[in-house]
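Visitor: Coordinates only, no sequence provided:
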């Protein structure tokens, strides 16, 4: 069990430096395990649909929740995340505000919650991302090409294309399922999008989702090699809204949602305070330049190339990761690139 200040947690998850190499390795392990557990818990109940979740955002919210928890409520949060967020004061900085965030100390008898007695806590979590590629796709190279759905039918989708030097690798799971990973860096190269595709066109995505573990993700960091590739990926946009109230108890966080067992006495001396809901709203858009496309694309002919081809023309996984720490900001799957329903 790691104990770390909230500021150290934010440093690890959001910036390029961490307090120590051993902490970095340990936190990468814990965050990867939590990310995959969260994703797999959600994906098991949402068959054959597009899916996106932000493990980073959920982890930060649960880390903040630790600051107000005690007893078994705190223990469950610690065991699920794998670390304890220490309650030391954390200075805030900004152009229009200043102060301290602190979970230390007990509420005084004169303290009273600002909410009415009938209102409980709800974790509100909204995340979006829109970034520019390090090398943008040429808009006029986008064509309507076939995409094979999981039910065996084929649809036409806007397929982006570029020939580029990218990090690419071929891997296999413990069950010997072969898959490929392609990494596309965003501008500045501190973030990248990793696309994960079963090597066999006949292999469904489900088994790969279930078998993927932290050690597989770690192996990509060392196993990806710079390769000249012909890249075809569909333009896609998706949004998901979840109430994690049904998912987090499966992962081990149950007391926080129970009015009789929740212990948030470090927030208020009033009894009966619990988390009534945990909303997670997340969206992502992948286009030629990282911004919303403004017009329809033209049909063009592309020259044949001798370079290896990566064509995401069937269901695939994607992970948006921080390059230095390996933190997973977003993880999801594309089952149908033109389906934008949430």
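Guide: Here it is on my side, so go on. Because the structure is a prediction, the values reported are computed rather than measured. Residues are numbered from 1 along each chain as shown.

Visitor: By residue count, what's the longest strand in this protein?
Guide: strand 154-172 (DSSP state E).

Visitor: What helices and strands are in contact with it?
Guide: In terms of contacts (3 or more Cβ pairs under 8 Å, 6 or more residues apart in numbering; DSSP states H and E), strand 154-172 is packed against strand 143-148, strand 178-185, helix 214-223, strand 225-234. Heads up, the C-betas are built off the backbone N, CA and C, glycines and all.

Visitor: Turn those into JSON lines, columns for distance to residue 191 and mean neighbour count.
Guide: Shown next, in JSON lines, are these (distance: least, Cβ to Cβ, whole Å; neighbours: other Cβ atoms under 10 Å):
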{"stretch": "strand 143-148", "distance to residue 191": "26", "mean neighbour count": "16"}
{"stretch": "strand 178-185", "distance to residue 191": "7", "mean neighbour count": "19"}
{"stretch": "helix 214-223", "distance to residue 191": "14", "mean neighbour count": "15"}
{"stretch": "strand 225-234", "distance to residue 191": "16", "mean neighbour count": "17"}
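
Visitor: what's the closest of these to residue 280?
Guide: Residue 280 lies closest to helix 214-223 among the helices and strands packed on strand 154-172, at 21.3 Å (Cβ to Cβ).

Visitor: who touches the closest one?
Guide: Applying Cβ atoms under 8 Å, 6 or more residues apart in numbering, the contact partners of helix 214-223 are 28-29, 32-33, 36, 169, 171, 173, 181, 183, 194, 319, 326, 328.

Visitor: What about those residues, which one has the most neighbours?
Guide: Highest neighbour count within the contacts of helix 214-223, by other Cβ atoms under 10 Å: residue 328, with 26 neighbours.

Visitor: What sits closest to that residue if chain neighbours are left out?
Guide: If the residues on either side of it in the chain are set aside, residue 328 comes closest to residue 35, at 4.3 Å by Cβ to Cβ, 6 or more residues apart in numbering.

Visitor: Remind me which helix or strand residue 209 belongs to.
Guide: Element membership of residue 209, judged by DSSP states H and E, is helix 205-211.

Visitor: which regions of the stretch 151-300 of the chain sit below the pLDDT cut-off?
Guide: The stretch 151-300 of the chain contains residues with pLDDT under 70 at 290-300.

Visitor: Kindly recompute the last result at 50.
Guide: Scanning the stretch 151-300 of the chain for pLDDT under 50 picks out 291-300.

Visitor: got it, and the stretch 1-150 of the chain?
Guide: In the stretch 1-150 of the chain (pLDDT under 50), the answer is 1-12, 14-20, 87-119.

Visitor: for residue 129, what are its contacts?
Guide: Contacts for residue 129 (Cβ under 8 Å, 6+ apart) come out as 283-284, 320, 329-330.

Visitor: Helix or strand: which one has residue 78?
Guide: helix 71-81.

Visitor: and the helices and strands packed on strand 154-172 as JSON lines, adding distance to residue 45?
Guide: Output for these, formatted as JSON lines (distance: least, Cβ to Cβ, whole Å):
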{"stretch": "strand 143-148", "distance to residue 45": "24"}
{"stretch": "strand 178-185", "distance to residue 45": "23"}
{"stretch": "helix 214-223", "distance to residue 45": "22"}
{"stretch": "strand 225-234", "distance to residue 45": "25"}
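
Visitor: looking at the ones you listed, which is closest to residue 83?
Guide: Comparing these by Cβ to Cβ, helix 214-223 comes nearest, at 15.1 Å.

Visitor: distance between the closest one and the chain's centre?
Guide: Centre-to-centre, helix 214-223 and its host chain are 16 Å apart (Cα atoms, centre = their mean, to the nearest Å).

Visitor: so residue 80 makes contact with residue 249?
Guide: No. Using Cβ atoms under 8 Å, residue 80 is not in contact with residue 249, being 10.1 Å away.

Visitor: Lovely, talk soon.
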